[in-house]
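Here is a sequence together with a model predicted from it:
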Amino acid sequence: MMKKALTIAGSDSGGGAGIQADLKTFQELQVFGMSAVTAVTAQNTLGVHGVYPMSAEAVEKQIKAIGDDMGTDAIKTGMLFNAEIIETVAENLKIYKWGNLVIDPVMIAKGGASLLLNEAVFAMKKHLIPLAKVITPNIPEAEVLTDMKILTQKDKQEAAKRLFDMGVTFVVIKGGHDEGSTESSDLLFDGEKFITLTSKRIPTKNTHGTGCTFAAAITAELAKGKTVHEAVVVAKNFIQAAIENGISIGQGHGPTNHWAYRKRKEFTTQ
């Protein structure tokens, strides 16, 4: 049976992040992708030049269109923009009794533009995080959600505990913002033990959409029935291949290469 994944996120006109990155990732991992658009952005490698949110009603109609007909095996949320949209998404997740929710708490774009209103942070913590199987913040996002500064591995662990206490089942704090390191270490926490997944840091500016892609890969693997640990390992390898084989498009932060993981697998299995 074909497995399905739904992304509830913003559109990136530049194609490197958001809905576009999620659907590319789902396709590459052989999961049928569906979407509910929360906002349209005018965006390219140089930054976000405009954000045009959908109404909560429009978001709900899209989710219901999927829920009443096709259903889904996993859900990923990205940019949700405001509290009303967050509450609407949470309400409908409960209506359809959907599990396998992966939250990528998108707050700030690569160019520095805010993609989540301040009042929405409270709504995310109250309404959405308790429904999630996995949350995948980077260090700045984890700092906002936990109201603490993260400078050391011990800080990462404390932040993971705080996020777990909000009701999520698994926490992945990404290490892409670790400064002065030759490695990128992601921390996975299941409420009992910590697992560190480390990869070589690639010196490149072409990292637009890495967070979206990583969370979408986890979502796709969960849709296929993988455990969270298995899904995170695939996602780590997927995004590493995408960064190592980045695409030089545009004048700013270029996108990652969503087909690199599949091509690498084809090469290694020949």
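Yep, that arrived.

drop to CA atoms for contacts and neighbour counts, all remaining ones
Noted.

tell me the strands in the stretch 101-250 of the chain, going along the chain?
If you assign secondary structure with DSSP state E, counting those that start in this stretch, the strands in the stretch 101-250 of the chain sit at 101-103, 134-135, 170-173, 183-189, 194-200.

among those strands, which is nearest Ile75?
Shortest distance between Ile75 and the strands of the stretch 101-250 of the chain, using CA to CA, is found for strand 101-103: 4.8 Å.

quick revisit: just put the strands of the stretch 101-250 of the chain in CSV and tack on distance to Glu158, mean neighbour count and mean pLDDT.
Supplementary listing: the strands of the stretch 101-250 of the chain in CSV, determined by distance: least, CA to CA, whole Å; neighbours: other CA atoms under 10 Å; pLDDT from 0 to 100:
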stretch, distance to Glu158, mean neighbour count, mean pLDDT
strand 101-103, 19, 28, 98
strand 134-135, 15, 26, 98
strand 170-173, 11, 24, 98
strand 183-189, 10, 20, 90
strand 194-200, 11, 14, 91
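
between those, which gets nearest to Met2?
Met2 lies closest to strand 101-103 among these, at 18.5 Å (CA to CA).

For that closest one, which strands pair with it and how are they oriented?
When pairs are called by DSSP bridges, strand 101-103 turns out to pair with strand 74-77 (parallel), strand 134-135 (parallel).

just to revisit the earlier point, just put the strands of the stretch 101-250 of the chain in JSON lines and tack on distance to Phe81.
Rendered in JSON lines, the data for these read as follows (distance: least, CA to CA, whole Å):
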{"stretch": "strand 101-103", "distance to Phe81": "13"}
{"stretch": "strand 134-135", "distance to Phe81": "17"}
{"stretch": "strand 170-173", "distance to Phe81": "21"}
{"stretch": "strand 183-189", "distance to Phe81": "25"}
{"stretch": "strand 194-200", "distance to Phe81": "30"}
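
Between those strands, which one is closest to Gly71.
Closest of these to Gly71 is strand 101-103, at 13.5 Å (criterion: CA to CA).

any idea how far Gln62 lies from Ile129?
In this structure, Gln62 lies at 21 Å from Ile129, with CA to CA, to the nearest Å as the measure.
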